[in-house]
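J.: my questions are about this predicted structure, shown below with the sequence.
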Amino acid sequence: MYFDHCEQVYLEQCVFSGNKSGARAGCIFNDHTSNVVIRNSEFNQNVSRLGGGVIYNDHSDSVSVSGCVFYANRCGQKEDGACIVNDHSHRMEVTGCRFESNVSARSGGAIQFNFSKDHLVKDCAFHDNRAQRGGVFAYGRDCSGSIVQCSFTQNKAGDPNRPGGIGGVIIAGDAMLGIVNCRFSGNEAGDAGGVMVLGPGSSVTLVQCVFNQNYARNNGGVIAAKNTQLLAIYNCTFSGNIAQRNAGGIFIEVDKRIPREQVVPFQSRFLLCNSIFWDNEDSPDNGQQPPSMFVRGEQVGIEILACCMQGWDETIPGADVIDQDPLFLDPNGDNETPDDDFMLKSGSPCIDAGIAFDVTDINSDENINEMIPRDMKGDPRINNGRIDLGPYEY
């Protein structure tokens, strides 16, 4: 289906299965089109040779995809976006959708963004998607958006048993992203960044997210950030993540070959606040830094404030950092309840130990100087006048 300079498109309760395109878009091509609504539809085993196995948005605006299922779609060997490509298009919303077993041979096992502003991905589930770079999302140049209340499980970049493959869920070269209330479990990368790889143009804020049992064959069991503009982490939990080399949690590097006058304008800055880093693993030869973190480069500006970090020994500067068992309620998920693994037990040192603020305006009241109003489960965030560490309030 090709929509050229249309002002309104509405598709509902459709099934697209086994379609093939020798060019872009296995099913739907929106070319300079606006106000597109795609609802409650299924997209199975569709293929495009030149990217966008299902949908390709080119210079389009306000595309809404909701309540849809994307299963086993793929794109060509040298192209991106197994399900959706959003190119020079703005204000796309993807809500209440499931993406499973989609494959891109290059980037974006589910969605590829390029020159894409103000997108929203919310209440979606991403399972077993794969690409060489960015098992779920790949961000090219000049992108911005939010990812809210989504789950990411068993997505992969490359083959974790062989070299190559970066960003098990996300690769962001030049993107401004807010990621809130999301869970990342069992994602893998054959090289770096079991969950995400962040490049020099990226500015990423994580709020109330859980990262559990993610893996990288090289550096950064969860995040690998090189020359990144900003990485800010508030009220998150990193537990049970593994890197075969450095940093089961976060690998940070500022390339020593970059002159300082080039780094400073990017405001290369890393802030970790109110978060828990526990039971993460890396190589014992990581230079005696905590197993959750590895920092390389003299030009890195990093602050750790009110965190719980196993093995913290002041080799990385911080304030109000504790190295005590956070006493998770059910860290191994033995009772098979998905929402309480990393809640805190009575007596946890992480209770009433935080200082976080509503930095992402999570309740959309345009006030970023108030406390975060609710935790990851939706319960009130403050019980005793002071916020707890991690995404759940005791």
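T.: Received, thanks. Predicted model, so just to flag it, every value in this text is computed and none were measured.

J.: avg pLDDT for stretch 304-322?
T.: The pLDDT scores in stretch 304-322 average 88.

J.: cool, and stretch 208-222?
T.: Mean predicted lDDT for stretch 208-222 stands at 94.

J.: check the offset of it from the chain's centre.
T.: 11 Å (C-alpha atoms, centre = their mean, to the nearest Å).

J.: in that stretch, which residues are buried?
T.: Under the neighbour-count criterion of 16 or more other C-beta atoms under 10 Å, stretch 208-222 has 208-222 buried. In this view, the C-beta of every residue, glycine as well, is placed from N, C-alpha and C.

J.: going by distance to V169, which of the residues you listed wins?
T.: V169 lies nearest to N214 out of those, by C-beta to C-beta, at 8.5 Å.

J.: for the closest one, phi and psi?
T.: phi -90, psi 160 (degrees, to the nearest 10).

J.: need the contact list for the residue lying closest to it once chain neighbours are set aside.
T.: Spatial nearest neighbour of N214, excluding adjacent residues (C-beta to C-beta, 6 or more residues apart in numbering): G194 at 3.7 Å. Contacts for G194 (C-beta atoms under 8 Å, 6 or more residues apart in numbering) come out as G168, N187, E188, N214, Y215, A216, G220, G221, V222, N241, I242, A243.

J.: still on that earlier bit, of the buried residues of stretch 208-222, just say which sits nearest to D61.
T.: Ranked by distance to D61 (C-beta to C-beta), the buried residues of stretch 208-222 are led by C209 at 29.3 Å.

J.: that closest one contacts Y234, doesn't it?
T.: No. Judged on C-beta atoms under 8 Å, C209 makes no contact with Y234 at a distance of 9.3 Å.

J.: what bridges to Y2?
T.: Per DSSP bridges, the residues bridged to Y2 are F29.

J.: stretch 174-194: which residues count as buried?
T.: Within stretch 174-194, judged by 16+ other C-beta under 10 Å, the buried ones are 174-194.

J.: right, I mislabeled it, should have said stretch 82-97
T.: For stretch 82-97, the neighbour count (16+ other C-beta under 10 Å) marks 82-87, 89-95, 97 as buried.

J.: now tabulate the residues you listed in a markdown table and tack on secondary structure.
T.: Formatted as a markdown table, these follow (DSSP: H, G, I helix; E, B strand; the rest coil):
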| residue | secondary structure |
| --- | --- |
| A82 | coil |
| C83 | coil |
| I84 | strand |
| V85 | strand |
| N86 | strand |
| D87 | strand |
| S89 | coil |
| H90 | strand |
| R91 | coil |
| M92 | coil |
| E93 | strand |
| V94 | strand |
| T95 | strand |
| C97 | coil |
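
J.: just to revisit the earlier point, now do the residue nearest to N214 against E188, distance only.
T.: With distances taken as C-beta to C-beta, to the nearest Å, G194 is found 6 Å from E188.

J.: show me the helices in the stretch 101-250 of the chain, by range?
T.: For the stretch 101-250 of the chain, applying DSSP state H, counting those that start in this stretch gives no helices.

J.: where in it is pLDDT low?
T.: Residues of the stretch 101-250 of the chain that meet the criterion pLDDT under 70 lie in 160-162.

J.: got the contacts of G194 as a markdown table, with distance to C350 columns?
T.: As requested, those are exported to a markdown table (distance: C-beta to C-beta, whole Å):
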| residue | distance to C350 |
| --- | --- |
| G168 | 27 |
| N187 | 25 |
| E188 | 28 |
| N214 | 21 |
| Y215 | 25 |
| A216 | 26 |
| G220 | 24 |
| G221 | 21 |
| V222 | 19 |
| N241 | 18 |
| I242 | 22 |
| A243 | 24 |
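
J.: narrow these to those in strands?
T.: E188, Y215, A216, I242, A243 (DSSP state E).

J.: okay if I get those residues as JSON lines plus distance to S202?
T.: What follows is the ones in strands among the contacts of G194, written out as JSON lines (distance: C-beta to C-beta, whole Å):
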{"residue": "E188", "distance to S202": "21"}
{"residue": "Y215", "distance to S202": "22"}
{"residue": "A216", "distance to S202": "18"}
{"residue": "I242", "distance to S202": "24"}
{"residue": "A243", "distance to S202": "20"}
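
J.: wait, doesn't Y139 sit right on I171?
T.: Yes. Taking contacts as C-beta under 8 Å, Y139 lies within contact range of I171: 6.8 Å.

J.: and the residue nearest to V85 when sequence neighbours are not counted, how many neighbours?
T.: Spatial nearest neighbour of V85, excluding adjacent residues (C-beta to C-beta, 6+ apart): G52 at 3.9 Å. G52 has 34 neighbouring residues, counting by other C-beta atoms under 10 Å.

J.: G52 and C83: what is the separation?
T.: Counting by C-beta to C-beta - G52 and C83 are separated by 8 Å.

J.: then R296?
T.: 35 Å.

J.: same question for A172.
T.: Distance from A172 to C83, by C-beta to C-beta: 18 Å.

J.: quickly list what the residue nearest to I223 when sequence neighbours are not counted is bridged to.
T.: Leaving aside its sequence neighbours, I223 sits nearest to I250 (C-beta to C-beta, 6+ apart; 4.6 Å). Beta-bridge pairing of I250 under DSSP bridges involves I223, M293.

J.: contacting residues around I250?
T.: G220, V222, I223, A225, L231, F238, L272, S292, M293, F294.

J.: which of those residues has the most neighbours?
T.: Highest count within those by other C-beta under 10 Å belongs to G220, 35 neighbours.
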